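Visitor: Provided below are the primary sequence and the corresponding predicted coordinates.
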Amino acid sequence: MEPSVPPEDRGGGERREGRPPEWEQERLAEIDRLRSENVEPYARSFFGRTPLGKIAEDYAYLETDQKAEGSHCRIAGRVMSRREHGKACFLTLRDGWDDLQVYGNIDTLGETGFSRFKSSNVGDIIGCEGHVFRTRRGELTVFAESSIILTKSLRPLPEKWHGLQDRETRYRQRYVDLIANPEVARQLCGRGRLVAGMRRYLENQGFVEVETPVLQPLPGGALARPFITHHNALDTDLYLRIAPELYLKRLLVGGFDRVFEIGKNFRNEGISLVHNPEFTMMELYWAYVDYNAIMELVESMVPVLAEEVTGSTRIEAAGEEIELEAPWPRRTIDSLLEEHLGLSLAGMRAEPQTAKTLLRGRGIDVENRDTFAMLVDKALKHAVWPSIVQPMFVIDYPLELSPLAKSSPNDPLIVERFQAVIAGKEICNAFSELNDPVDQRRRFEDQARNRAAGDEEAHVLDEDFLRALEYGMPPAGGLGVGVDRLAMLLLGVDSIRDVILFPQLRPEQ
RNA sequence: GCGCCCGUAGCUUAGUUGGUAGAGCAGGGGACUCUUAAUCCCAAGGUCGAAGGUUCGAAUCCUUCCGGGCGCACCA
């Protein structure tokens, strides 16, 4: 029998030439055969089904070899495996991430019905109607009294025992990964609970959720390289946002006093275990408080989120048990550098060469052209972070690293900024927001000089943002949380690709 | 961007010092009315990531390219 669609007419996919592979031809022929018998292999609907998980729950009490009276039900799912026994056949169905066995035999289904039931392929989606019983071997099973094909699958599923191992295929064809490795779905549902929990928590605290532009005429709010795109009708280049920060602060000017946004940021940087070009960020701004209030918010919120995701405020990371309950200790950068390296910020600023020699002596790779800010960053990352396992607020950053943060009243070269570090990883970044338009302009101008000197990640000067500040922005604390990285920490995974459904890869072919 | 490793059937894989590819699952045919990695029998399925090179002979050695992984660098 001819396939219902000639190979050359099929678009898309990775095969455009030649005949479809043998297994696909066989299934296309099967589809033609079903249609010739007035059976539609792609059904329109299947109403009134009971989820498989519900059946497992409701009939858990059934004894071996016992039939449940009044258990008539409709179920549907993907055929995951098949065990044929001549005039009887067992299928394992899966809906979502629950499995349930179905039994069919020729006496009940009839000659044609049984033949169609047992010729289901692994991968097909079928619906059945019948009653519930438990087999002699103790497996909860639906005894099919009728059965219908709902969706015919043209492709073979990965092997049932080893599943899909190949990481490339898993990321590129996540739909197959989800079928073959259901624990992936459970993990990604954990991420979903994290985001939902965060939203609920912030709303309960009186924060209002907003959405600000992803397409921005000037990319701002972070030190990073942006993606550039083009708007045809306006004939102008636009940037995918690297942060929502400057727009959220404009809202503070406009009168919002507690706002947050959860959304995608885009940074044109390398891809790694902890970097995806698009990633999810939660940013919030809270008027009339400073970074101290933000620290309290973070140490209160994170344990709640952990509970939401894992059921506990204790997590396992870096080979240790970590307790997330507040309060978290607060340490200044200066004291941490002193403790771990015997260096002070003032000393590093005054004598960078001495600091570089010392860092090299610790095996940290520093370049002669590294700026003061880069030195501090490297020192923290390599010599300090790894020793911080339990949650800690690391506070009071050098001004050069933070063009949007407010200076400390005690030291104009220090800004009121903190990061929370857990298991050696930064999970958020926050500061008392700079609201002095004159100071902000000066900082932008410093950044512009860095930019002119070749630093592509330096901040650009945003006149409209300055204009907003000139109207007056209330004092405020702001917070940014990398949602993907927080999810990694709470779910105990090492790769950002395990918390992103469709991580960025080089395009196929 | 640099370094190391990997790529064999739809999936999971074997393949010795270079002698021209072997299996399990899935798929096809057959047997089997409570199995569950069901079992048993039969047949089919491969441009060994691609292109060059060395060789009488390459999945195997060399070069380049493509794709991926890991580490480093960059990066909040």
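Guide: Structure received.
Visitor: contacting residues around stretch A:207-222?
Guide: Contact with stretch A:207-222 is made by A:199, A:202-203, A:226, A:229, A:231, A:236, A:238-248, A:251, A:256, A:258-267, A:284, A:286, A:404, A:459-460, A:462, A:465, as judged by CB atoms under 8 Å, 6 or more residues apart in numbering. To be clear about C-beta, it is placed using only N, CA and C from the backbone, and glycine gets the same treatment.
Visitor: Then residue A:133 would be within a strand, right?
Guide: Yes - counting by DSSP: H, G, I helix; E, B strand; the rest coil, one finds residue A:133 located in a strand.
Visitor: OK, contacts around it?
Guide: Taking CB under 8 Å, 6+ apart, we find residue A:133 in contact with A:62, A:65-68, A:71, A:141, A:143.
Visitor: sorry, back to before: cross-reference the contacts of stretch A:207-222 with the strands and report the matches.
Guide: Among those, the subset assigned to strands under DSSP state E consists of A:229, A:231, A:236, A:238-240, A:258-266, A:284, A:286.
Visitor: Show the buried residues in these.
Guide: Buried by 16 or more other CB atoms under 10 Å: A:238-240, A:258-263, A:265-266, A:284, A:286, out of the ones in strands among the contacts of stretch A:207-222.
Visitor: Skip the chain neighbours and tell me the closest residue to the most far-flung residue of chain A relative to its centre.
Guide: Largest separation from the mean C-alpha position in chain A: residue A:107, at 49.5 Å (CA atoms, centre = their mean). Sequence neighbours aside, residue A:87 is the residue nearest to residue A:107 in space, at 7.6 Å (criterion: CB to CB, 6 or more residues apart in numbering).
Visitor: how near is the one you found to residue A:105?
Guide: 6 Å (CB to CB, to the nearest Å).
Visitor: now residue A:500
Guide: For residue A:500, the distance to residue A:105 (CB to CB) stands at 45 Å.
Visitor: Count the neighbours of the residue of chain A found nearest RNA strand B for me.
Guide: Residue nearest to RNA strand B within chain A: residue A:86 (2.4 Å; CB to the nearest atom of the strand). Neighbour count for residue A:86, taken as other CB atoms under 10 Å: 8.
Visitor: backbone phi and psi for it, please?
Guide: phi 70, psi -100 (degrees, to the nearest 10).
Visitor: Residue A:500 and residue A:105: which has the busier surroundings?
Guide: residue A:500 (20 against 17).
Visitor: Pull the contacting residues for the more buried one.
Guide: A:276, A:279, A:484.
Visitor: mind checking pLDDT for the first one?
Guide: It stands for residue A:276. What the model reports for residue A:276 is a pLDDT of 91.
Visitor: Please tell me I have it right and it contacts residue A:504.
Guide: Yes - Residue A:276 lies in contact with residue A:504 (CB atoms under 8 Å); the separation is 5.7 Å.
Visitor: ok, these two, which is more surrounded?
Guide: residue A:276 (22 against 14).
Visitor: and the gap between that one and residue A:368?
Guide: 32 Å.
Visitor: what do you get for residue A:298?
Guide: Taking CB to CB, one finds residue A:298 at 37 Å from residue A:368.
Visitor: And for residue A:70?
Guide: 81 Å.
Visitor: Measure how buried residue A:462 is and give me the count.
Guide: 19.
Visitor: wait, what's in contact with it?
Guide: By CB under 8 Å, 6+ apart, the contact set of residue A:462 is A:218, A:220, A:246, A:444.
Visitor: residues touching residue A:237, list them.
Guide: Counting by CB under 8 Å, 6+ apart, the residues that residue A:237 touches are A:228-231.
Visitor: Over to residue A:420?
Guide: Residues in contact with residue A:420 (CB under 8 Å, 6+ apart) are A:295, A:298-299, A:302, A:328, A:391-394, A:426-428.
Visitor: Go back to those residues and keep what's next to RNA strand B.
Guide: Among the contacts of residue A:420, the residues that sit close to RNA strand B (CB under 7 Å from any atom of the strand) are residue A:426.
Visitor: out of the contacts of residue A:420, which are inside strands?
Guide: Per DSSP E, the contacts of residue A:420 map to strands at A:392-394, A:426-428.
Visitor: can you tell me which two in the contacts of residue A:133 are farthest apart?
Guide: Using CB to CB, the two most remote members of those are A:65 and A:71, lying 14.8 Å apart.
Visitor: between the two, which one's more packed in?
Guide: residue A:71 (17 against 11).
Visitor: contacting residues around that one?
Guide: Residue A:71 neighbours (CB under 8 Å, 6+ apart): A:59, A:131-133.
Visitor: circling back to that earlier point, most neighbours among the contacts of residue A:420, please name it.
Guide: Going by other CB under 10 Å, residue A:302 tops the contacts of residue A:420 with 26 neighbours.
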